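Q: Predicted model follows, preceded by the sequence.
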Amino acid sequence: MREWKDAQEKQKDFLGSEYQDYDLVIALGNGRPCETKVIENAFNRLKRDARLPNVVFHSLRHSSATYKLKLNHGDLKATQGDTGHAQAQMLTEIYAHILDEDRKVNAQKFEAAFYSNPDLRSVRAPAAPAPATFDLAALVAQLQKSPELREALASILNGQSVEKTNPEYEPNGAKIE
């Protein structure tokens, strides 16, 4: 494309005012548009010589729009400016083809995130926690050392609020000064 552009610029310089510049990528030697059959024949020769798939010339526009969207991380407005479409919706509905390469990358990411252990047959649910042990002797010893704790326990067992029976009681065990 760069070589083609350079050749066009040289032709413009050579012909001067005789060159009719329509700002075309593909043009006749004097700058005027060429018939579509000329472009089609050249494209068919290129496909044949390079052993490319038999696609129509317009499919290059589809591929170009798709890869531009990929390279600019989905910036519809930037791509729309390059393609000349009046509506960005045309890009999303017609030109933004899903690339197989991107689908493969997404599948690999999904597999890595959710199936990092491919053999899930050995995975078991966590065991139920062991029941808490209750040391009655330690509780009695604590109650004997602390009259406040003894009163709080008695209130709870009688269905009364600890705060009502002992205004100095603080739920975290601290006394209110």
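A: Thanks, I have it.
Q: So which residue of the protein lies furthest out from the middle?
A: When distances are taken from the C-alpha mean of the chain, Gln144 lies farthest, 63.5 Å away, according to C-alpha atoms, centre = their mean.
Q: Poorly predicted segments of the protein, please.
A: Applying pLDDT under 70 to the chain flags the ranges 95-100, 113, 115-123, 132, 134, 160-177.
Q: can you give me the helices in it?
A: Using DSSP state H, the helices of the chain run over 2-15, 36-50, 59-71, 76-83, 88-90, 100-114, 136-145, 147-157, 162-165.
Q: Turn these into a markdown table, columns for distance to Asp23.
A: For the C-beta atoms, the positions are set from N, CA and C on the backbone; glycine is no exception. Shown next, in a markdown table, are these (distance: least, C-beta to C-beta, whole Å):
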| stretch | distance to Asp23 |
| --- | --- |
| helix 2-15 | 10 |
| helix 36-50 | 16 |
| helix 59-71 | 17 |
| helix 76-83 | 14 |
| helix 88-90 | 22 |
| helix 100-114 | 33 |
| helix 136-145 | 92 |
| helix 147-157 | 89 |
| helix 162-165 | 86 |
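Q: Out of these, the one nearest Leu24 is which?
A: helix 2-15 (8.7 Å; C-beta to C-beta).
Q: Please enumerate residues in contact with the closest one?
A: For helix 2-15, the surrounding residues in contact (C-beta atoms under 8 Å, 6 or more residues apart in numbering) are Tyr19, Asp21, Val25, Ala27, Gly29, Asn30, Gly31.
Q: Quick one: buried ones out of those?
A: Among the contacts of helix 2-15, those buried by neighbour count (16 or more other C-beta atoms under 10 Å) are Tyr19, Ala27, Gly31.
Q: contacting residues for the second one?
A: So the one you mean is Ala27. Ala27 neighbours (C-beta under 8 Å, 6+ apart): Gln8, Pro33, Cys34.
Q: quick one: which of the residues you listed is nearest Asp102?
A: Gln8 (34.7 Å).
Q: Roughly how far does the closest one sit from Arg32?
A: 12 Å (C-beta to C-beta, to the nearest Å).
Q: neighbour count winner among the two?
A: Here Gln8 and Arg32 are compared on neighbour count by other C-beta atoms under 10 Å; more neighbours surround Gln8, at 18 against 12.
Q: Okay, the more buried one and Glu18: tell me how far apart.
A: From Gln8 to Glu18 the distance is 14 Å (C-beta to C-beta).
Q: quick check, nearest of the contacts of helix 2-15 to Glu111?
A: Val25 (42.4 Å).
Q: for Thr92, what are its contacts?
A: Leu76.
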